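Peer 1: For reference, the sequence and a predicted model appear below.
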Protein chains: 2
Amino acid sequence: MVRRIRPALGPLDLRAQAILRAVIEEYVLTATPVGSLALVEKYNLPVSSATVRSVLADLEAAGLLSHPHTSAGRVPTDLGYRYYVESIVETVPLPAVEQLMIRHQFGQVEFASEHWFRLAASTLATATGSAGLATPAKPVAARLRRVDLVAMHDRLASLILVLREGTVKQQLINFEQVPDRETLAAASALVNGHLADLTAAQIERRLPRFGGEGPVPDLTRRIGERVLRTMRAFDAEKIEELFSDGLLNVLAAPEFAQSDKVRRVFSALENRSYLGKLVSSLAGGGRVQVFIGGENVPVEMHEVSLVLAPYGQPGRAMGVVGVLGPTRMSYSHAIGTVSFVSCLLNELVDHLYA
Amino acid sequence: MVRRIRPALGPLDLRAQAILRAVIEEYVLTATPVGSLALVEKYNLPVSSATVRSVLADLEAAGLLSHPHTSAGRVPTDLGYRYYVESIVETVPLPAVEQLMIRHQFGQVEFASEHWFRLAASTLATATGSAGLATPAKPVAARLRRVDLVAMHDRLASLILVLREGTVKQQLINFEQVPDRETLAAASALVNGHLADLTAAQIERRLPRFGGEGPVPDLTRRIGERVLRTMRAFDAEKIEELFSDGLLNVLAAPEFAQSDKVRRVFSALENRSYLGKLVSSLAGGGRVQVFIGGENVPVEMHEVSLVLAPYGQPGRAMGVVGVLGPTRMSYSHAIGTVSFVSCLLNELVDHLYA
DNA sequence: GGTTAGCACTCTAGGCGTGAGAGTGCTAAC
DNA sequence: GTTAGCACTCTCACGCCTAGAGTGCTAACC
């Protein structure tokens, strides 16, 4: 699903690594091709610019750097970033100050899972200066905790499903005439008795067997079917809810000065199907993963990178948080931040499941 | 709040109106300044280009048209559009075919209010080629229908508020040790008995009076307070939920070829406070309203127009739907579409309230 | 008086050439 | 293996120019 190109070269010698690193970090900073002279001056390299030039030529031959034109400096390729991320950069944990600030923000917010994702996205956005992404922790297979029937008026009732993971789903049901309160309560009690703590699959098996029960068999059956349908829909929906924040950060980057590129980034984010795939591939567990520029399959994402991390409890409920930014992003910082936020969400989800 | 500039001129004579109309419609179509010759040819005007030129000069003097530079054609001003919208264009209802298609879509979707807003936004987006906007129908003052307490595990419970308008709010509550099922049920029954069908203000008055009741007075009191807080928050939140769709449509328009303009449009949409004000000013009732370019207060919205309509039941629950597009948009079509969709939502809300 | 043809005028968009500047790659010396 | 020196290449910014579009004015016309 993700075209992952491994650097097809032996380990670079230390000097080459240092120079690659310098090129990348300088380019991340300035967004302009970097030349040999600038490198020597800014990074106090113990060699002359001529030597640097020959190393740069080697790195270019290896496919790690490229050349917009003859008389321009070097620009990292996707492969260069990949090598940098995997072999050069050390993952620095987020500074304690920032950790504290973020923790504080999470302390401030209303204690309801929905707020956490929004906050995660916006926190990531401000901390990294890119766009923050977050999906809710989605249960692998939702389990019903309880249903409730509430009359809205004499022809409409509201069916409320509380799922074991704390999510609430609501559905409206039309009636010729809504049954009285006791009947509704009896029906939902019956449904609760039979279907509580079951998954959609289990409910489906159980459903035929409690067809004609209770004082109003039709009603019970109807509710049962609605419950099943709703839970099925919930299980099926991929990442319908992908919170994002700070898109403007990304659009402000100089590489998106032309509006068509802006539009491409934009449609990248609307490409839920690809992001959905990434998310589900990540949800298996593991740590922070990085998807650089052209490694992303959709063309509209060839100029952006994703730094994503799963969170939650494997096998129970998983979600993903991360960052979307220009390929030219500070990967070390992004990785550190995403990693921290995912740990934070882990704690919260753990708390939810005790 | 909205700087509304009324055209400060007497009624234009018919020929001038026809020419203004032609200029606007041609400009909407082509996005390039329109010249006198093109007008005569395309719109079969019974006069020569010289005559048209003198009329154009008059319209420009009146502030309805402007001139990018000496040798360019005319471009409508915001005032020109305003005059067009108020005095020239006849509001055409949406063609029956489109009406049917939209109705059909609404028939397909899950019967739950949340889906309607999303659908409204996306329908408007595709129908008008601009960005579609929709806010949920927000009750003037929410009324509690019922609360429910569900244990999640032994230290966490979920408090569920069903509001009379069909909305469901959920909150998590921490415990040292969650009380058993019966206690929770008793407590929520007590709360329901006292607070059902009340607004936040009423609950606040009632709250002190049922302090020490029931088997677990502390619990009851705690829930009561949480209920109040949640309902307060719900009443206070402006248009936290503004669904939008089809932003890419707008960004693709030639007037946003430079990326800084794109960014401005973008931040316009994130400017929830202004949109919120518009929404609440509209929510009083009334029909479709149009806000053209510079009539909008925030600078970042000076190049876009809004066509908004309220829907819902005045005094009970109101929301807003509409369209955001470039100033150069087909107002007649937008007005027709927005009007139709707001009527459709009216029907749905009516159904909700019976 | 309103309308029209004719015409000079104005302004922009785009193609072209030029020169400065940046950075390379090569070579020969260290 | 490293470095200084230097010729070479390419882009970017600037100014110039022309073609084209559209106006505004004037004088003739109905």
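Peer 2: Cool, the structure landed.
Peer 1: So which residues of the stretch 201-350 of chain A form strands?
Peer 2: Secondary structure of the stretch 201-350 of chain A (DSSP state E, counting those that start in this stretch): strands at A:243-245, A:289-291, A:304-313, A:317-326.
Peer 1: same for the third one, what does it pack against?
Peer 2: Counting contacts by 3 or more C-beta pairs under 8 Å, 6 or more residues apart in numbering or on different chains; DSSP states H and E, strand A:304-313 is packed against helix A:272-282, strand A:289-291, strand A:317-326, helix A:331-353. In short, each C-beta sits where N, CA and C put it, glycine included.
Peer 1: Would you mind listing what in chain A touches DNA strand C?
Peer 2: Contact residues, chain A versus DNA strand C (C-beta under 7 Å from any atom of the strand): A:33-38, A:49-50, A:53, A:56-57, A:60, A:67, A:70-74.
Peer 1: Pull out the buried members of these.
Peer 2: A:33-36, A:38, A:53, A:56, A:60, A:73-74 (16 or more other C-beta atoms under 10 Å in any protein chain shown).
Peer 1: quick one: low-confidence parts of chain A?
Peer 2: A:1-10, A:211-215, A:238-240, A:284-285, A:354 (pLDDT under 70).
Peer 1: again, only using 50
Peer 2: A:1-8 (pLDDT under 50).
Peer 1: so where do the helices sit in it?
Peer 2: For chain A, applying DSSP state H gives helices covering A:14-30, A:36-43, A:49-61, A:78-83, A:96-108, A:113-128, A:181-195, A:200-206, A:217-236, A:247-251, A:259-270, A:272-282, A:331-353.
Peer 1: Could you dump the ones you listed into TSV with distance to DNA strand D added?
Peer 2: Output for the helices of chain A, formatted as TSV (distance: least, C-beta to the nearest atom of the strand, whole Å):
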stretch	distance to DNA strand D
helix A:14-30	7
helix A:36-43	9
helix A:49-61	3
helix A:78-83	20
helix A:96-108	36
helix A:113-128	28
helix A:181-195	65
helix A:200-206	57
helix A:217-236	48
helix A:247-251	21
helix A:259-270	15
helix A:272-282	31
helix A:331-353	26
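Peer 1: export the strands of the stretch 201-350 of chain A to a markdown table and tack on mean neighbour count?
Peer 2: Shown next, in a markdown table, are these (neighbours: other C-beta atoms under 10 Å in any protein chain shown):
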| stretch | mean neighbour count |
| --- | --- |
| strand A:243-245 | 19 |
| strand A:289-291 | 22 |
| strand A:304-313 | 25 |
| strand A:317-326 | 27 |
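Peer 1: Show me which residues of the stretch 151-300 of chain A are close to chain B?
Peer 2: Proximity of the stretch 151-300 of chain A to chain B, by C-beta under 8 Å from any C-beta of the partner chain, involves residues A:152-156, A:158, A:160, A:162, A:164, A:166-168, A:170-174, A:233, A:247-248, A:251-252, A:256-259, A:261-263, A:266-267, A:270.
Peer 1: Emit the ChimeraX select command for whichever of those are buried.
Peer 2: The buried residues among these can be selected in ChimeraX (16+ other C-beta under 10 Å) with this line:
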select /A:152,156,158,160,162,164,166,167,168,170,171,172,173,247,251,256,259,261,262,263,266,267
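Peer 1: on that earlier part again, please identify the deepest-packed of the helices of chain A.
Peer 2: helix A:78-83 (a mean of 24; mean count of other C-beta atoms under 10 Å in any protein chain shown).
Peer 1: I'd like the distance from it to the chain centre, please.
Peer 2: 22 Å (C-alpha atoms, centre = their mean, to the nearest Å).
Peer 1: Report all helices and strands that that helix contacts.
Peer 2: Applying 3+ C-beta pairs under 8 Å, 6+ apart, we find helix A:78-83 packed against helix A:14-30.
Peer 1: follow-up on the earlier one: I'd like the helices of chain A as TSV, with distance to residue B:16 appended.
Peer 2: Shown next, in TSV, are the helices of chain A (distance: least, C-beta to C-beta, whole Å):
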stretch	distance to residue B:16
helix A:14-30	56
helix A:36-43	63
helix A:49-61	66
helix A:78-83	59
helix A:96-108	59
helix A:113-128	51
helix A:181-195	66
helix A:200-206	66
helix A:217-236	57
helix A:247-251	42
helix A:259-270	36
helix A:272-282	50
helix A:331-353	59
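Peer 1: quick one, which of those helices is nearest to residue B:328?
Peer 2: helix A:259-270 (16.2 Å; C-beta to C-beta).
Peer 1: on that earlier part again, using JSON lines, lay out the helices and strands packed on strand A:304-313 together with distance to residue A:94.
Peer 2: What follows is the helices and strands packed on strand A:304-313, written out as JSON lines (distance: least, C-beta to C-beta, whole Å):
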{"stretch": "helix A:272-282", "distance to residue A:94": "20"}
{"stretch": "strand A:289-291", "distance to residue A:94": "16"}
{"stretch": "strand A:317-326", "distance to residue A:94": "13"}
{"stretch": "helix A:331-353", "distance to residue A:94": "4"}
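Peer 1: related to what we said a few turns ago, mind putting the strands of the stretch 201-350 of chain A into JSON lines with distance to DNA strand D?
Peer 2: What follows is these, written out as JSON lines (distance: least, C-beta to the nearest atom of the strand, whole Å):
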{"stretch": "strand A:243-245", "distance to DNA strand D": "32"}
{"stretch": "strand A:289-291", "distance to DNA strand D": "28"}
{"stretch": "strand A:304-313", "distance to DNA strand D": "22"}
{"stretch": "strand A:317-326", "distance to DNA strand D": "18"}
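Peer 1: Please convert these to JSON lines, extending it with distance to residue B:300.
Peer 2: Formatted as JSON lines, the strands of the stretch 201-350 of chain A follow (distance: least, C-beta to C-beta, whole Å):
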{"stretch": "strand A:243-245", "distance to residue B:300": "18"}
{"stretch": "strand A:289-291", "distance to residue B:300": "32"}
{"stretch": "strand A:304-313", "distance to residue B:300": "24"}
{"stretch": "strand A:317-326", "distance to residue B:300": "23"}
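Peer 1: one step back: nearest to chain B among the buried ones among the residues of chain A next to DNA strand C?
Peer 2: residue A:33 (20.6 Å; C-beta to the nearest C-beta).
Peer 1: Taking the stretch 251-354 of chain A, what residue is nearest to DNA strand D?
Peer 2: Nearest residue of the stretch 251-354 of chain A to DNA strand D: residue A:257, at 11.7 Å (C-beta to the nearest atom of the strand).
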